[in-house]
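Q: Predicted model and sequence follow; I will ask about them next.
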Amino acid sequence: MIMRLSLANFVKTKRKEANLTQQEFADRAGVALTVVRKIEQGKENLSLVKVNQVLMMFGHKMAPVNHKEIESQPRKSDQIY
C-alpha cells in the first residue's frame, strides 16, 4: 500500500520512533519547542529554514519540485510532498 505522509505526521512519527519528547527533539534539532509543536500540529505558516532544520534530523529536506513529475513517478511510502 502506498501512503503519503503529511509533514506533521512524518515528523511526529519519526520523533516518536526516536523516543524523544518534543522538547528533546527541539533541542537536538536546534529549534524552539514552538517550531516542533507548530509542525506537528500541521500549521501552515512555517519557516522553510526551520522546517529543514527539523527534517535534517532524519536526513530529509523540503525543496521545490515539479508537481507533474511527482504524480507521474511511483511513490515511496515515506516521501513528503
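A: That came in fine, so what should we check first?
Q: need the contact list for residue 12.
A: Contacts for residue 12 (CB atoms under 8 Å, 6 or more residues apart in numbering) come out as residue 40. C-beta coordinates here come from the backbone N, C-alpha and C atoms, glycine included.
Q: Give me the pLDDT for it.
A: pLDDT recorded at residue 12 is 96.
Q: what's the answer for residue 72, then?
A: Listed pLDDT for residue 72 reads 70.
Q: Would you confirm that residue 38 contacts residue 47?
A: No - using CB atoms under 8 Å, residue 38 makes no contact with residue 47, being 9.4 Å away.
Q: Comparing these two, which shows the higher neighbour count?
A: Legend: neighbour count by other CB atoms under 10 Å for residue 38 and residue 47, higher for residue 38 (19 against 11).
Q: Spit out the contact partners of that one.
A: Listed by CB under 8 Å, 6+ apart, the contact partners of residue 38 are residue 46.
Q: now residue 28
A: Residue 28 makes contact with 20, 57 under the criterion CB under 8 Å, 6+ apart.
Q: separation between it and residue 52?
A: From residue 28 across to residue 52, the span is 15 Å (CB to CB, to the nearest Å).
Q: now residue 6
A: Using CB to CB, one obtains 16 Å as the distance from residue 6 to residue 52.
Q: could you pull out the helices for this structure?
A: Under the criterion DSSP state H, the chain contains helices at 7-17, 22-29, 33-40, 48-55, 67-72.
Q: Format the CA atom coordinates belonging to the fourth one as CSV.
A: Backbone C-alpha positions of helix 48-55 (Å, rounded to 0.1, in the frame of the first residue of the first chain) are rendered in CSV as follows:
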residue,chain,number,x,y,z
LEU,A,48,11.2,26.7,5.5
VAL,A,49,14.6,27.2,7.2
LYS,A,50,13.2,25.9,10.5
VAL,A,51,11.3,23.0,8.8
ASN,A,52,14.5,22.0,7.1
GLN,A,53,16.4,22.1,10.4
VAL,A,54,13.9,19.6,11.8
LEU,A,55,13.8,17.4,8.7
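Q: Hey, what's the angle from it to helix 33-40? Just curious.
A: With axes from the mean of the first three to the mean of the last three CA atoms, to 10 degrees applied, the angle from helix 48-55 to helix 33-40 works out at 80 degrees.
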